[in-house]
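In: need a 3D model of the following:
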Amino acid sequence: MKATKTVKSDSPLTPDPLAAQLTSLKLHYVHEHYESLAKEAAAEQWAYGEFLARLIEGEVHRREDLSIHRRVQLARFPVQKTLDQFDWNWPKKINRPQIQNLFRLRFIDEKANVIFLSNVGLGKTHLSLALGHAACLRGYSVLFTTAVEIINTLAAAQAHGGLKREMKKYLRPRLLLIDELGYLPIDKQGADLLFQIISQRYECGAMIITSNRVYKRWPELFNNDTTLTSALLDRLLHHAETVLIDGKSYRMKDRIED
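Out: Model (predicted):
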């Protein structure tokens, strides 16, 4: 009768209960680093509490990074911009302290609005994207869109009986960025749909809006409907900060300087 071979406990075929449990709990950083950190702890003679604290700290940082990455993806930024990348020397007129103060992001908790007004190419979209990115880093849900995209999306949803469901996409985020208001004409249906978003977010969620039109010309944007425009501005500006930027387009900088 042949003797039965005993599989050693350190065989690679033997499942590691601790590794399996860490994977089950999704403690991926702890799983990947506990052995190397245990060796470092032994060499440096850490207390058990310090060893555990290092593992948990690494796990927390990993999860924070994943959450930030997820929020940035859901925000649908066309590009990522930061305040450090902004060229303060180009605009002829810009209130730098005002803009830097906005990056404290208090307006989001206050459910207030920020409106950037300027001609094209002066950085209002850059600054709105940078504010949105900063908000993602601070844990806020964000969505970037354009005025035309909102109107087209809602109009299509309305035609198929799904308006209420589609509107939730624009009402849910803590911060909604609406870019390029005023670049293309808006018909009555589009004006009504955009008004619904702004009206329902009033005192419920913060917005950043960029436009190339000063307020007195906004009736032109909304099919010359002065009643709707007045009602929209009343809600939008009740809790709002307007940022005015003046100068020539940065995208024409090289031609201007030649």
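In: I'd guess Glu241 is in a strand, am I close?
Out: Yes: assigned with DSSP: H, G, I helix; E, B strand; the rest coil, Glu241 falls within a strand.
In: can you give me the helices for the chain?
Out: 17-24, 28-44, 48-75, 96-102, 106-109, 124-137, 147-159, 163-171, 188-201, 218-221, 226-238, 253-257 (DSSP state H).
In: then the fifth one to CSV, C-alphas only?
Out: Going back to what we said before, that points to helix 106-109. Taking C-alpha atoms only, helix 106-109 is exported to CSV below (Å, rounded to 0.1, in the frame of the first residue of the first chain):
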residue,chain,number,x,y,z
ARG,A,106,-18.7,78.0,0.1
PHE,A,107,-21.2,78.8,-2.6
ILE,A,108,-21.9,75.1,-3.1
ASP,A,109,-22.9,74.6,0.5
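In: leaving out chain neighbours, which residue sits closest to the most centrally placed residue in the chain?
Out: Centroid-nearest residue in the chain: Val142, 3.6 Å away (criterion: Cα atoms, centre = their mean). Counting by Cβ to Cβ, 6 or more residues apart in numbering, Ala75 is the residue found nearest to Val142 once chain neighbours are left out, at 4.1 Å. Every C-beta, even on glycine, is put in place using the N, C-alpha and C of the backbone.
In: where are the low-confidence patches of the protein?
Out: 1-15, 25, 29-30, 59, 250-258 (pLDDT under 70).
In: isn't the residue nearest to the centre of the chain right next to Ala130, touching?
Out: No: the pair Val142 / Ala130 is not scored as a contact, 11.7 Å apart, by Cβ atoms under 8 Å.
In: can you work out which residues contact both of these two?
Out: Residues touching both Val142 and Ala130 (Cβ atoms under 8 Å, 6 or more residues apart in numbering): none.
In: picking up where we left off before, can you lay out the helices of the chain as JSON lines showing mean neighbour count and distance to Trp88?
Out: Shown next, in JSON lines, are these (neighbours: other Cβ atoms under 10 Å; distance: least, Cβ to Cβ, whole Å):
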{"stretch": "helix 17-24", "mean neighbour count": "12", "distance to Trp88": "48"}
{"stretch": "helix 28-44", "mean neighbour count": "14", "distance to Trp88": "39"}
{"stretch": "helix 48-75", "mean neighbour count": "14", "distance to Trp88": "25"}
{"stretch": "helix 96-102", "mean neighbour count": "14", "distance to Trp88": "6"}
{"stretch": "helix 106-109", "mean neighbour count": "16", "distance to Trp88": "21"}
{"stretch": "helix 124-137", "mean neighbour count": "22", "distance to Trp88": "11"}
{"stretch": "helix 147-159", "mean neighbour count": "17", "distance to Trp88": "27"}
{"stretch": "helix 163-171", "mean neighbour count": "15", "distance to Trp88": "32"}
{"stretch": "helix 188-201", "mean neighbour count": "18", "distance to Trp88": "30"}
{"stretch": "helix 218-221", "mean neighbour count": "18", "distance to Trp88": "28"}
{"stretch": "helix 226-238", "mean neighbour count": "15", "distance to Trp88": "26"}
{"stretch": "helix 253-257", "mean neighbour count": "9", "distance to Trp88": "14"}
